[in-house]
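Enquirer: sequence first, then the predicted structure:
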Amino acid sequence: METGQRESEEPEEVKQCDPSLPDSHNQAGCEDSEALPYHRTAAVLGESIPDGDQTEEEEEEEEGAGTQTDELEETSVTEGQRSSSLDPEGDPEEKAERDGTLNRESELPEPSGNGEEPEGDACVAPKAGELSDSGSTDNTLEDSGEFTETCPVAVLAGAAEELGSGVSEPGTPPLSHRDEDVTAESWRGHRKHVFVLSEAGKPIYSRYGNEEALSSTMGVMMALVSFVQSGDNLIRSIYSEDHKVVFMQQGPLVLVSVSQSRQSEQQLRQELQYVYYQIISMLTQASVTRIFERKKNYDLRRLLAGSEKILDGLLDLVDTDPSFLLSAVRCLPLASSLRDSLSQTLQKAITPNLVFSILIAKSQLLAIVQEKAVIEDARLEPADLHLLLNLIGASSAFQAGEIWTPICLPLFNPDGYFYAYISYLDPPQCTVCLLLLSTDKEAFYSVAECKRKIEDGVRAQNALRAVEEARAYSVTQVGVPDLRHFMYKPFDVPENHKQLTQFTSPEMEAPYSTKEERERLFDLYRYLHSCIHSATRPLKLLYHVAEKETLLAWVTSKFELYTCFSPLVTKASAINAITKLLRWIKKEEERLFIRYPPKYSTTPNPSKSSWGGKGGSDRQETTENGFLSLP
């Protein structure tokens, strides 16, 4: 058992804001949304049903539940400038005092309807989960078992399963995963298990099997954590002959990975970090912390009901997509002229408080444009974009029309929400997805108008057909004999450029056509990566001869590269082949990468705007872009 000395942490003074709570000044306007078309409706979670449609029983439930909600969802902002970027009207705390509470908005699937819902296609979530700033929260929460509001993203995921996958209950994961017998050998035989539980030992999530059936197992895990903590230590990992158990504690949540794979402890911990980020993206870190401060044995599954599919999809991607291993984003190979034209279209379609405009195709980045003032303070990290891509791919509900939902980007600001507009530009194929992120919860219609402009611009260029025809390139195009596959990541550019970290790799071809062979190659890449990034003995060059192939990993000040060759290639031959490969990448980098992401300004003077941007945002960019330069 490996333990590390616990570090003392002093609480940090933070400002409080409520980005997820109903705004009393705006409720009337939201209630009028019942006359709008279904997919254009910005329904509000936690907002009360109009008085004329309420029953006496509902009113009584709301009186009891109304004192619970605002306190639980109150979020804290840890960085002044990032806080202001999520609330462009001023200080979040002052705004909360001035306007009351803020509401969360989400496009929800059409309800079944029992006569008590608003007329038309508008959908309003139940009142039972509404939160309050009332001082009675301390008492009512401890005694209440009725808090059942789910996050809007989880609602969407659950509804998609109910409507599109044939599952009878919303949010019910596939039977092969969720209903496995945890006493069977098949359950024990999985390569990797992931568990999430609270400090009180309450089950929250399990990759395989039902959480209730695993409550005793998770209790033992929490007992191990608590036992080591009692000695002022922190449990990190346990090694056995063929298993590796990795623990990670984030606030009130404990995440555990039990693996039989060749992954290093660092890689397993990174995967657990992604699972934590995905949970935070739906609830915010401040909300989770406050919930467990008020009630340590709270069952977080009440808020995450329906999100199991999102977490399952994330873990599937982590096991197959090298983006997570490299902490980088893959761009769809595309002619630079077409990509620039798409970026200019995004640049022209802007509205106040629009922060990011992103085009995604085939789960790869197509184009991205960002607000100048925001790029002065922070950037969109690859992990945040990975969470967005997983969210969009995990649910078919996002293919139904125009979705407006709150989403937290944990690495940008773990304590506040953006408001995401998600819509596909090419239904019913649903290949090209538009993602617009705003800080204004009331901006649905102005952001939707941006989408109309982008859609018109894309169609005028006939760009959709070109994007649909774009394909991953073959390794044979490189022209290097015996090269079977590679992964190339140019190192990040200087901080003042704030470029999104990217990588490129060809599609996997024979002999890696089967799932088993692709998994085996990915395991070899993981091994090379763990050696290159070893905490005790990092390497710069590693030549590895495997049973069926030869691999070479190389890291320099300009790039990180992993290559796979046929088994008889020598080290000298591999290095010569890499020189040719690097020249080919240099020649094709305009097509493979987004070198200079365009920027726009939605404010008259970004340097003095509420984004907190520093002066000089219009300066000329003269720094090198960090990509490989060859003589």
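Expert: That came in fine, so what should we check first?
Enquirer: which SS class is the residue nearest to V475 when sequence neighbours are not counted?
Expert: In space, not counting the residues next to it along the chain, V475 is nearest to P506; the distance is 4.2 Å by C-beta to C-beta, 6 or more residues apart in numbering. For the C-beta atoms, the positions are set from N, CA and C on the backbone; glycine is no exception. Three-state assignment for P506 (DSSP: H, G, I helix; E, B strand; the rest coil): coil.
Enquirer: dump the residue contacts of P506.
Expert: Shown in contact with P506 (C-beta atoms under 8 Å, 6 or more residues apart in numbering): 472-475, 477-478, 485-486.
Enquirer: scan the residues you listed and report the most crowded one.
Expert: F486 (23 neighbours; other C-beta atoms under 10 Å).
Enquirer: residues in contact with the one helix or strand that residue maps to?
Expert: Following DSSP states H and E, one finds F486 within strand 483-490. For strand 483-490, the surrounding residues in contact (C-beta under 8 Å, 6+ apart) are 322, 326, 328, 475, 501-506, 508-509, 511-512, 521, 525, 549, 558-566, 577, 581, 585, 589, 593, 626-628.
Enquirer: switch to 6 Å and redo it
Expert: The contact list for strand 483-490, computed with C-beta atoms under 6 Å, 6 or more residues apart in numbering, reads 322, 326, 328, 475, 503-505, 559-565, 577, 585, 626-627.
Enquirer: what pLDDT does L592 get?
Expert: For L592, the pLDDT comes out at 94.
Enquirer: so how far is T476 from the closest residue to Q364 other than its chain neighbours?
Expert: Nearest residue to Q364, sequence neighbours excluded (C-beta to C-beta, 6+ apart): L332, at 4.1 Å. Distance, L332 to T476, by C-beta to C-beta, to the nearest Å: 19 Å.
Enquirer: more neighbours, those two?
Expert: Neighbours were counted for L332 and for T476 using other C-beta under 10 Å; L332 has more, 21 against 11.
Enquirer: need the contact list for the more buried one.
Expert: Counting by C-beta under 6 Å, 6+ apart, L332 makes contact with 361, 364, 366, 470.
Enquirer: of these, which is the most crowded?
Expert: Result: L366 is most packed of those (other C-beta under 10 Å), 25 neighbours.
Enquirer: average pLDDT for the host helix or strand of it?
Expert: Using DSSP H and E, L366 falls within strand 364-371. What strand 364-371 shows for mean pLDDT is 92.
Enquirer: please apply the same query to stretch 245-254.
Expert: 95.
Enquirer: returning to that earlier point: just the C-alphas of the strand holding F486, formatted as PDB.
Expert: Only the C-alpha atoms of strand 483-490 are listed here, as PDB (Å, rounded to 0.1, in the frame of the first residue of the first chain):
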ATOM      1  CA  LEU A 483       5.400   2.900 -40.800                       C
ATOM      2  CA  ARG A 484       2.100   1.500 -39.500                       C
ATOM      3  CA  HIS A 485       0.800   4.300 -37.300                       C
ATOM      4  CA  PHE A 486       1.800   7.400 -35.300                       C
ATOM      5  CA  MET A 487       0.600  10.100 -32.900                       C
ATOM      6  CA  TYR A 488       2.100  13.600 -33.200                       C
ATOM      7  CA  LYS A 489       1.500  16.500 -30.800                       C
ATOM      8  CA  PRO A 490       3.100  19.900 -31.300                       C
END
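Enquirer: ok, the helix or strand following it: who's next to it in the sheet?
Expert: With elements assigned by DSSP H and E, the helix or strand that comes after strand 483-490 is strand 502-503. Strand partners for strand 502-503, identified by DSSP bridges, are recorded as strand 329-330 (parallel).
Enquirer: C-terminal to the strand it pairs with, what's the next element?
Expert: As assigned by DSSP H and E, the chain's next helix or strand after strand 329-330 is helix 336-348.
Enquirer: helices or strands up against that next one?
Expert: The contact analysis (3 or more C-beta pairs under 6 Å, 6 or more residues apart in numbering; DSSP states H and E) places helix 336-348 against strand 364-371.
Enquirer: what helices and strands are in contact with the strand it packs on?
Expert: On a contact count with 3+ C-beta pairs under 6 Å, 6+ apart, strand 364-371 meets helix 336-348, strand 354-361.
Enquirer: list the buried residues of it.
Expert: For strand 364-371, a neighbour-count test (16 or more other C-beta atoms under 10 Å) marks 364-371 as buried.
Enquirer: got those as a markdown table, with distance to S206 columns?
Expert: Supplementary listing: the buried residues of strand 364-371 in a markdown table, determined by distance: C-beta to C-beta, whole Å:
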| residue | distance to S206 |
| --- | --- |
| Q364 | 30 |
| L365 | 32 |
| L366 | 35 |
| A367 | 38 |
| I368 | 35 |
| V369 | 39 |
| Q370 | 37 |
| E371 | 40 |
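Enquirer: ok, these vs D312, which is closest?
Expert: Nearest to D312, judged by C-beta to C-beta, of the buried residues of strand 364-371 is Q364 at 21.2 Å.
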